[in-house]
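**Q** Next comes the sequence, and after it the predicted model I'd like to discuss.
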Amino acid sequence: MASPGLSAPLPIRAQVPGAARVDVRELGGRLVVWLDVDAAVRKGALSSAASSMIEAAAWTARTKGYPLVATMDSSGADIAEGFSALHGWGLAAKALTDCSGVVPTIIIVDGPAVSGPALLLGIADFVVMTDAAYAFVSGPTMVAEFTGVVMDNEELGGAASHARYSGATSLVAPDIATAISLVESLLSYLPDNNDEEAPRFATDDDPHRLTPEAGDLIPPTSTGSYDVRSVIRALADDGDMFEVRARWAANVVTAFATFAGQPVGIVANQPISLAGTLDIPASQKAARFVAFCDAFNIPILTLVDTPGFYPGKDLEWRGMIRHGAQLVFAYGRATVPRICVVLRKSYGGAYILMDSKRMGNDLCIAWPWAELAVMGAGQAAAILQRRATPEQKAAFEADYAERLLNPYIAAERGYIDGVIEPADTRATICDALAALVDKRERLVSRKHGNTPL
């Protein structure tokens with residue numbers, strides 16, 4: 001399909017030999033820089049010339065302000081060319097890094113992405129893998145030789161493995177056609193570059209529509225589970241949402257939706273997975289998503305229902321402090337409009353992480369039954385009433401819940417801006433987004449922050 005002013009895809013450096021081809025084309029009504037790494041040419045081996053095409057694609061996207069979309073089917077650096085191929089890959093990786101935060105970068109993998117090309121997936125903003133795809137830095141042969149563990153390409157680096165265990169892929173598609181369709185849908189929520197805002201959606205969904213069904217989804221007990229995606233659909237325009245990295249770190253949901261036609265990035269605790277607690281993968285997943293939204297002028301809506309961090313020696317030894325700090329850092333430096341809604345529980349350090357008022361959000365509201373405290377009543381009783389009788393513990397828990405586990409105490413102290421009924425939530429969010437449409441913050445003068453890794 002030709003776009004206005006572009007009768008056909010416009011090739012870039014069309015005569016350069018190798019596995020990579022670049023053009024500017026229309027995708028879903030948008031102009032994008034399209035990069036193909038084709039396995040039909042030397043199994044997609046990246047020679048220095050092919051890597052120079054990747055560099056050219058990234059440069060064109062960055063300087064012209066078009067999203068970069070690439071299809072990857074590569075066996076890695078061209079061994080026959082030797083060191084020159086490695087040098088070329090380094091130039092390509094640098095060029096793709098330069099695109100970060102300037103234009104959205106999306107890679108579709110429809111075959112192998114081995115060694116160097118696999119690392120490019122980690123730089124991209126979003127990755128779509130087909131069922132035929134696999135990606136790894138060290139393949140099954142090396143794994144078997146060094147560890148004695150025998151596995152095939154699919155088990156080690158298939159789409160399902162990356163979607164579930166590594167988080168390297170954002171979306172999984174059965175075939176290339178579906179993958180391209182998913183990319184079109186994803187791009188519809190994103191601006192072309194960091195100097196623009198995301199295009200508005202056409203909708204006739206009343207921004208002041210009442211949403212009592214959102215509150216009805218919350219169980220009567222504080223430990224009951226529910227699917228937070230149902231809450232998101234109840235609040236968003238036309239009940240639509242576009243979730244990314246759905247299978248990885250399922251205890252937090254990251255998704256795009258629209259409110260009054262405006263694209264919004266949503267981070268939400270997911271009570272049906274690990275009770276909505278925060279662990280290392282959840283912190284990493286949410287932090288990367290928040291950073292992306294902030295880079296591309298997409299407002300952030302945070303829906304909070306978490307009892308805190310997932311406890312465990314293994315988690316602490318693997319760096320819960322450092323990785324939890326990634327989420328703190330991402331929210332703390334975000335300058336886009338930020339709205340926080342406490343649906344039910346918000347305890348302890350996780351309260352701070354999930355874009356609390358003191359983290360600098362623009363509006364923080366809570367539902368009437370929300371619980372904001374250092375910890376729950378049961379946990380407090382276990383610590384403060386260790387030697388008490390069961391009756392004394394029960395009385396303590398009842399008093400603790402009445403005095404501290406309600407949003408009105410937090411509202412009195414200015415820790416939240418208001419307590420609202422669930423039915424009014426959509427209208428409040430839409431009104432806040434309208435009020436914050438021209439939000440600007442003066443940034444601290446510095447080269448860059450030292451992001452926790």
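**A** Looks like it arrived, so ask away.
**Q** what ranges do the strands span in the stretch 251-400 of the chain?
**A** 252-259, 262-269, 300-306, 338-347, 363-366, 371-373 (DSSP state E, counting those that start in this stretch).
**Q** With the stretch 101-250 of the chain instead?
**A** 105-114, 126-130, 134-136, 171-173, 242-244.
**Q** got the domain boundaries for the chain?
**A** If you go by automatic domain parsing, the domain ranges for the chain are 10-187, 212-370+406-435.
**Q** Please produce TSV containing these, extended by distance to Phe201 and mean neighbour count.
**A** (Glycine included, C-beta is placed from N, CA and C.) What follows is the domains of the chain, written out as TSV (distance: least, CB to CB, whole Å; neighbours: other CB atoms under 10 Å):
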stretch	distance to Phe201	mean neighbour count
domain 10-187	12	20
domain 212-370+406-435	5	20
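**Q** how about these in TSV, adding distance to Ala202 and mean pLDDT?
**A** Converted to TSV, the domains of the chain look like this (distance: least, CB to CB, whole Å; pLDDT from 0 to 100):
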stretch	distance to Ala202	mean pLDDT
domain 10-187	13	91
domain 212-370+406-435	7	94
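**Q** start to end distance for stretch 64-81?
**A** One end of stretch 64-81 sits 32 Å from the other (CA to CA, to the nearest Å).
**Q** Relative to the whole chain's centre, how far out is it?
**A** 23 Å (CA atoms, centre = their mean, to the nearest Å).
**Q** How about stretch 254-270?
**A** In terms of CA atoms, centre = their mean, the centre of stretch 254-270 is set 11 Å apart from its chain centre.
**Q** Who are the contact partners of the residue nearest the centre of the chain?
**A** Geometric centre of the chain, nearest residue: Phe289, 3.0 Å, by CA atoms, centre = their mean. Neighbouring residues of Phe289 by CB atoms under 8 Å, 6 or more residues apart in numbering: 244-245, 254, 265, 267.
**Q** hmm, try it at 7 Å
**A** For Phe289, the contacting residues are 254, 265, 267, by CB atoms under 7 Å, 6 or more residues apart in numbering.
**Q** what's the closest non-adjacent residue to the first one?
**A** Sequence neighbours aside, Phe289 is the residue nearest to Thr254 in space, at 4.1 Å (criterion: CB to CB, 6 or more residues apart in numbering).
**Q** how close does the one you found sit to Tyr331?
**A** Phe289 sits 11 Å away from Tyr331, going by CB to CB, to the nearest Å.
**Q** can you check Met142 too?
**A** According to CB to CB, Met142 and Tyr331 sit 39 Å apart.
**Q** next one: Phe292
**A** 13 Å.
**Q** what do you get for Gly29?
**A** From Gly29 to Tyr331 the distance is 33 Å (CB to CB).
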